[in-house]
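A.B. asks: Sequence and predicted structure are below.
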Amino acid sequence: MNKLRIISRLDVKNEYLIKGIHLEGLRRIGNPNEFALKYYNQGIDEILISDVVASLYDRDSILKVINYIAQNVFVPICVGGGIRSVNDAKLLLRNGADKIFLNTAAIKKPDLITKLSKIYGKSTVVVSIEAKRKLNKWFAFTKNGREPTGLDVIKWAKKAEILGAGEILITSIDQEGTQKGFDTNLLKEIMKVINIPVVVSGGMGKLEDLKNLVKLKPSGIALASVLHYEKLDIKDIKKYIADKLKVKVRSEK
């Protein structure tokens, strides 16, 4: 098993780090550059940057953020939000991103997944899925959880893998920002059908929330509220996973 990655998720709006609950009610938290540097010094394995208003504004603000972080934080950077074409992806990669993630464009133009994976390699292309549960199924949403697509999440994850995605980022809208624990059932169902790495996002509030999650062997765990509000420290999270759960994590910086 590859070592588990602990990832900090930075949702950025107009150069500000923001956070909400269920991907709604977004409020300013601070400067994303300062938070990224803090998490790097604490031993984070990867930085995930989501440009939450990319469809409404130009790219200048997010490029400034990516540039700064890439010059000061020496871990992989994955960036998404508003990527509609190969040129959009190229712009982010040229400005410091190591990987890019797609959500809306992946659903509307699935061939873009294949194009990007052929040009940049599968390991560079991540498909982000925002999932909301209805009865006994999960459905995919776009536009930061606002727009329903009607797509079955499990089937879409498998299709994304076939199209060339190198990784799936799965966010539970139901759990996101609540700090009430992960949707482990969602991860379990996805892991049954795909063979590429899966990063889980949404719901962590305490160390014990990791216990059932890591048994399912995700590739990474993306954290936001629990880090932004300093409820837990990255070193403590890694120590708990390694010592208590006996799962290998990336070494500390």
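C.D. replies: That came through, no problem. Keep in mind the model is a prediction, meaning the values are calculated, not measured.
A.B. asks: what about the strands in the stretch 151-253 of the chain?
C.D. replies: 167-172, 198-201, 220-223 (DSSP state E, counting those that start in this stretch).
A.B. asks: Provide the strand pairings for the second one, with the direction of each partner.
C.D. replies: This points to strand 198-201. As defined by DSSP bridges, the strand partners of strand 198-201 come to strand 167-172 (parallel), strand 220-223 (parallel).
A.B. asks: Which of these sits closest to Ser117?
C.D. replies: Ser117 lies closest to strand 167-172 among these, at 10.8 Å (C-beta to C-beta). Every C-beta, even on glycine, is put in place using the N, C-alpha and C of the backbone.
A.B. asks: what's the average pLDDT for the closest one?
C.D. replies: Looking at strand 167-172 alone, the average pLDDT works out to 96.
A.B. asks: follow-up on the earlier one: point out the most buried one among the strands of the stretch 151-253 of the chain.
C.D. replies: strand 167-172 (a mean of 26; mean count of other C-beta atoms under 10 Å).
A.B. asks: Which residues does stretch 142-161 contact?
C.D. replies: Under the contact criterion C-beta atoms under 8 Å, 6 or more residues apart in numbering, stretch 142-161 has outside partners 22-24, 52, 55, 103-104, 106-107, 110, 113, 127, 129-132, 137-141, 168, 170, 173, 176, 186, 189-190, 192-196.
A.B. asks: Mind doing that once more with 7 Å?
C.D. replies: Stretch 142-161 has contacts (C-beta atoms under 7 Å, 6 or more residues apart in numbering) with 22-23, 52, 103-104, 106-107, 113, 127, 129-131, 137-141, 168, 173, 189-190, 193-196.
A.B. asks: among the residues you listed, which ones are buried?
C.D. replies: Taking 16 or more other C-beta atoms under 10 Å as the criterion, what is buried in the contacts of stretch 142-161 is 23, 52, 103-104, 106-107, 113, 127, 129-131, 138-141, 168, 173, 189-190, 194, 196.
A.B. asks: before we move on, the earlier item: now the strands of the stretch 151-253 of the chain in CSV, with distance to Asp45?
C.D. replies: Converted to CSV, the strands of the stretch 151-253 of the chain look like this (distance: least, C-beta to C-beta, whole Å):
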stretch, distance to Asp45
strand 167-172, 14
strand 198-201, 11
strand 220-223, 7
